[in-house]
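>>> Quick one, structure for this:
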Amino acid sequence: MDSNTISIYTLTSALHDEQAVSCATQQFLSSLLIEYAYKGEDYSDYGKATLNLIFVRTGGTEGIFKTLLPQLQRQSTHPIFLLTSGQSNSLAAAMEILSYLQQQGINGEILHGTPRYIRHRIHGLLQVHLALRRLSGMRLGVIGQPSDWLISSQADARVVRQKLGIELVDIDIREVLDNFAVQPATISASALSPSTPPEPKVAAALPDAERLHAALRGIVERHHLSGITIRCFDLLATIHNTGCLALARLNADGVVAGCEGDVPAAISMMIAQALLGVTGFQCNPSAIDPDSGIITLAHCTIPFNLVTRYELDTHYESGIGVGIRGYMAPGPVTIFKVSGDLTRHFVAQGQLIDKPCSPDLCRTQLTIRLDDTKQTRYFLTHPIGNHHIVVPGEHAQLMCELLTAISD
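Sure, this is the predicted structure:
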C-alpha cells in the first residue's frame with residue numbers, strides 16, 4: 001500500500017502518559033504491516049488522502065472528537081473510520097464516538113480486531129475508495145438512446161454525476177455511421193484467434209465488424225470517453241452487421257462497451273472496471289430454477305480477456321454479422337447490477353458450472369449456481385432491468401461496500 005493513499009490521525013486524552021502511549025502506538029501500527037502517513041493531531045489536510053483513519057489511542061477522547069467533528073465534515077464527506085487497538089479504554093471511546101456519529105446521521109466504522117483482520121479491512125476500504133476516485137471524472141458515451149424494449153433501463157444523469165462523478169455524453173449514432181464510412185474497406189482481423197475457423201458467412205462479415213471497431217475506437221478518442229453504450233440493434237439495418245465483435249475488443253482493452261444503449265448496465269461495468277480491473281460480461285437471464293439456485297445467462301458478446309477460448313458465429317436474433325461464443329473458466333463468479341438512479345443494487349456470488357451451446361439462445365451462455373438459492377427470488381420479484389453483469393471471482397463483499405456507499 002502506498003503511504004500517499006493512507007493517512008492516520010490521532011485522538012489522545014491528556015490524562016494518559018504520552019511516552020507510554022507513543023510506544024504502544026508504534027507497536028500497534030507496526031503490527032498492521034501497512035504503509036501510511038502519520039499525521040498525529042494535525043487534521044489540517046484531513047480528507048486529502050484516499051483513505052483517512054482516525055486512531056483513537058485512548059479513552060476520554062469523546063469530547064475532543066465532538067469538538068473536531070465540524071472541521072472533519074467541512075473537509076470530507078466520506079464515512080469516518082475509527083482505528084483502535086483497544087488499549088487504554090480506546091475501544092470504549094470509539095464505540096461512544098461511533099454511536100454519536102450515527103445519531104447525527106453520519107456513517108462510520110470501528111476498525112478493531114487482530115492485525116490480520118484490520119489489515120484486510122483497510123485493504124478492502126482502500127480498494128473501494130480508490131475505485132471511487134477512478135470513477136470521478138469518467139465520461140460515458142451514450143450512442144443513440146436505449147433500445148425500445150429497455151423501458152426501465154434509464155439513468156438519472158444528474159445523480160450519476162453527483163454520486164459517481166461520471167458524466168453521460170449523448171452522441172448521435174450518425175456520428176458512428178459517418179466514422180464507419182471512412183474506415184478502410186479491408187481491415188486485418190489477424191488479432192483475432194478463434195478456436196475454430198468461422199463459417200464463410202461469418203468470415204465475410206468480419207471486415208465490416210472490424211471497421212466498426214475502428215469507428216467506435218475513434219469516437220472514444222474524439223470525445224475523451226472512458227466507455228460507451230450503443231443502440232446496437234440499429235446497426236443491423238444500417239451497416240448490416242452487429243457491434244458484438246467491436247464491443248468484445250473494446251472491453252478487453254479496458255474501454256467499457258455496453259450493448260443496446262443500456263446505461264445502468266454500462267455504469268455497472270464502469271464500476272467493475274474501476275474496482276476490479278475488468279469490465280465484466282453484460283448478459284441477461286434466460287432461465288432460472290428457484291429450487292436449485294441455477295440460472296442461465298446469455299448474450300452475443302463477451303470481453304475476450306474473460307474467456308479461455310471463443311468461436312465466431314452470427315448474431316443470434318438476426319442471424320447476420322459477427323457474434324461471440326466465449327467460454328469462461330469454471331469457478332466462482334459474481335453477478336451484480338446497479339439501478340440508473342443509484343438507489344438500488346443487487347450482488348450475488350455463485351459458481352460457473354456449465355457453458356452450454358444451445359442454438360436457441362444468444363451465443364455466449366453461462367450456467368451459474370448461486371451460493372444462496374434464495375437470491376433467485378430477486379430476479380422474479382424485484383429485478384433491476386434484464387441485463388446483469390458477470391465477473392469472475394468472489395467480489396460480493398467488496399462490491400456491496402462500494403454500491404452501498406453510492407446508494408446512501
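>>> got the buried residues for stretch 36-43?
36, 39, 43 (16 or more other CB atoms under 10 Å). All C-beta atoms are positioned from the backbone trio N, CA, C, and that covers glycine.
>>> residues touching I302, list them.
248, 281, 283, 310, 324, 326, 328, 364 (CB atoms under 8 Å, 6 or more residues apart in numbering).
>>> Just give the nearest non-adjacent residue to it, would you?
G326 (3.9 Å; CB to CB, 6 or more residues apart in numbering).
>>> now that neighbour, what's its secondary structure?
Put simply, G326 is strand when judged by DSSP: H, G, I helix; E, B strand; the rest coil.
>>> tell me which element L398 is part of?
helix 396-407 (DSSP states H and E).
>>> Show me how far that helix is from its chain's centre.
9 Å (CA atoms, centre = their mean, to the nearest Å).
>>> circling back: which member of the contacts of I302 is positioned nearest H299?
C283 (4.0 Å; CB to CB).
>>> what stretches of the chain score poorly on pLDDT?
1-4, 185-191, 407-408 (pLDDT under 70).
>>> Go through it and flag its longest helix.
Criterion DSSP state H: the longest helix present in the chain is helix 200-222.
>>> Now that helix - C-alpha only, PDB.
Output of helix 200-222 as PDB, limited to C-alpha atoms (Å, rounded to 0.1, in the frame of the first residue of the first chain):
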ATOM      1  CA  PRO A 200     -18.000 -18.500 -44.600                       C
ATOM      2  CA  LYS A 201     -20.900 -16.200 -43.800                       C
ATOM      3  CA  VAL A 202     -19.300 -15.000 -40.600                       C
ATOM      4  CA  ALA A 203     -15.900 -14.700 -42.300                       C
ATOM      5  CA  ALA A 204     -17.400 -12.400 -44.900                       C
ATOM      6  CA  ALA A 205     -18.800 -10.200 -42.200                       C
ATOM      7  CA  LEU A 206     -15.500  -9.800 -40.300                       C
ATOM      8  CA  PRO A 207     -14.100  -6.900 -42.300                       C
ATOM      9  CA  ASP A 208     -17.100  -4.700 -41.500                       C
ATOM     10  CA  ALA A 209     -17.200  -5.800 -37.900                       C
ATOM     11  CA  GLU A 210     -13.500  -4.700 -37.700                       C
ATOM     12  CA  ARG A 211     -14.400  -1.400 -39.400                       C
ATOM     13  CA  LEU A 212     -17.000  -0.800 -36.700                       C
ATOM     14  CA  HIS A 213     -14.400  -1.500 -34.000                       C
ATOM     15  CA  ALA A 214     -12.200   1.200 -35.600                       C
ATOM     16  CA  ALA A 215     -15.100   3.600 -35.900                       C
ATOM     17  CA  LEU A 216     -16.100   3.200 -32.200                       C
ATOM     18  CA  ARG A 217     -12.500   3.500 -31.100                       C
ATOM     19  CA  GLY A 218     -12.400   6.800 -33.000                       C
ATOM     20  CA  ILE A 219     -15.500   8.000 -31.200                       C
ATOM     21  CA  VAL A 220     -13.900   7.100 -27.800                       C
ATOM     22  CA  GLU A 221     -10.800   9.100 -28.600                       C
ATOM     23  CA  ARG A 222     -12.600  12.100 -30.100                       C
END
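>>> so what does that helix touch, helix or strand wise?
Here helix 200-222 touches strand 139-143, helix 173-181, strand 227-230, helix 244-252, strand 309-313, going by 3 or more CB pairs under 8 Å, 6 or more residues apart in numbering; DSSP states H and E.
>>> on that earlier part again, which one of the contacts of I302 is nearest to L15?
Nearest member of the contacts of I302 to L15, counting by CB to CB, is F281, at 57.5 Å.
>>> Give me the phi and psi angles of that closest one.
Per-residue torsions, F281: phi -110, psi 110 (degrees, to the nearest 10).
>>> Kindly state the beta-bridge partners for it.
V390 (DSSP bridges).
>>> from what I can see it touches V307, true?
No. Contact criterion CB atoms under 8 Å: F281 and V307 do not qualify, at 9.1 Å.
>>> residues shared between the contacts of those two?
Common neighbours of F281 and V307 (CB under 8 Å, 6+ apart) are M328.
>>> Between those two, which is the more surrounded one?
Each of F281 and V307 has its neighbours counted (other CB atoms under 10 Å); F281 has more, 28 against 21.
>>> how about that one, what does it touch?
299, 302-303, 306, 328, 364, 366, 389-391.
>>> Which stretches in the stretch 301-408 of the chain count as helices?
376-381, 396-407 (DSSP state H, counting those that start in this stretch).
>>> what number of residues lie near D291?
Count around D291 with other CB under 10 Å applied: 8.
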